[in-house]
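> here is a sequence together with a model predicted from it:
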Amino acid sequence: NAGVTQTPKFQVLKTGQSMTLQCAQDMNHNSMYWYRQDPGMGLRLIYYSASEGTTDKGEVPNGYNVSRLNKREFSLRLESAAPSQTSVYFCASRTGTGANTEAFFGQGTRLTVV
Amino acid sequence: QKEVEQDPGPLSVPEGAIVSLNCTYSNSAFQYFMWYRQYSRKGPELLMYTYSSGNKEDGRFTAQVDKSSKYISLFIRDSQPSDSATYLCAMSPGGYNKLIFGAGTRLAVHP
């Protein structure tokens, strides 16, 4: 079972470059999330999509855009990367039929902006 | 002020100790409370889930929620070196899909 798949696993960008982080889930989940994880800061919600066709800002949305391409895929785009965006990015999905459902996470993307 | 506060540690205990991990929160709309465990260089995995106030036990793990104090806890009995990981609390409002995490507490259990 693939679960939640993120690509790429590692990436180095120069300041000002753009890139898209890809996420796909094969569990037929409605809700998908993007988090960033920094030392001592835990997981901070960037954007989420409660269902196909909808997206909402989380705690730290500035500098990011998202696209819910279809039910399976939720991408995160950095239009002009900054060193402050150096982080580990996690994608997650939940069934979304209740707020108590488990979130399943991908393995993360380690992004360094130099 | 963050909606969820959690002491990042690190916390170091000997094998067999009882471990107490805690989070406080400010949003009274939170009704669902979860604890995730994250091993180094891995994604978080759900450990326990609790709805509203009360206790829940699963083997060596006990989760407690006190909504009146906006305080949740995770207790680990007879801690093992394999419990060494980062523990993150997470919360969600009722009928809503936003899921907010604490900073995570790094736990080390030494033999």
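All right, it came through fine. Residues are numbered from 1 along each chain as shown, chains lettered A, B, ... in the order given.
> what does chain A have sitting close to chain B?
Counting by C-beta under 8 Å from any C-beta of the partner chain, the positions of chain A adjacent to chain B are A:4, A:31, A:33, A:35, A:40-45, A:48, A:50, A:56, A:58-59, A:90, A:92, A:94, A:96, A:99-100, A:102-103, A:105-108. Backbone N, C-alpha and C define where each C-beta goes, glycine included.
> would you mind checking those for buried ones?
A:4, A:31, A:33, A:35, A:41-45, A:48, A:50, A:58-59, A:90, A:92, A:94, A:96, A:99, A:103, A:105-108 (16 or more other C-beta atoms under 10 Å in any protein chain shown).
> enumerate every residue touching the residue nearest the centre of chain A.
Relative to the mean C-alpha position of chain A, the nearest C-alpha, by C-alpha atoms, centre = their mean, is the one of A:Trp34, at 2.7 Å. The contact partners of A:Trp34, taken as C-beta atoms under 8 Å, 6 or more residues apart in numbering or on different chains, are A:21, A:23, A:45-48, A:58, A:64, A:66, A:74, A:76, A:89-91.
> let's see the helix or strand containing it as CSV, backbone CA atoms only.
Using DSSP states H and E, A:Trp34 maps to strand A:31-38. C-alpha atoms of strand A:31-38 as CSV (Å, rounded to 0.1, in the frame of the first residue of the first chain):
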residue,chain,number,x,y,z
SER,A,31,-9.1,16.1,3.1
MET,A,32,-5.5,16.8,2.3
TYR,A,33,-2.9,19.0,4.2
TRP,A,34,0.5,20.6,3.8
TYR,A,35,2.6,21.2,6.9
ARG,A,36,6.1,22.4,7.4
GLN,A,37,8.2,21.2,10.3
ASP,A,38,11.1,23.3,11.8
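> ok, then the element right after it?
Per DSSP H and E, the first helix or strand lying C-terminal to strand A:31-38 is strand A:42-49.
> so which elements touch that next one?
strand A:31-38, strand A:56-57, strand A:64-68, strand A:74-78, strand B:85-93, strand B:100-101 (3 or more C-beta pairs under 8 Å, 6 or more residues apart in numbering or on different chains; DSSP states H and E).
> return the list of helices and strands in contact with the second one.
Read that as strand A:56-57. Using 3+ C-beta pairs under 8 Å, 6+ apart: strand A:56-57 touches strand A:42-49.
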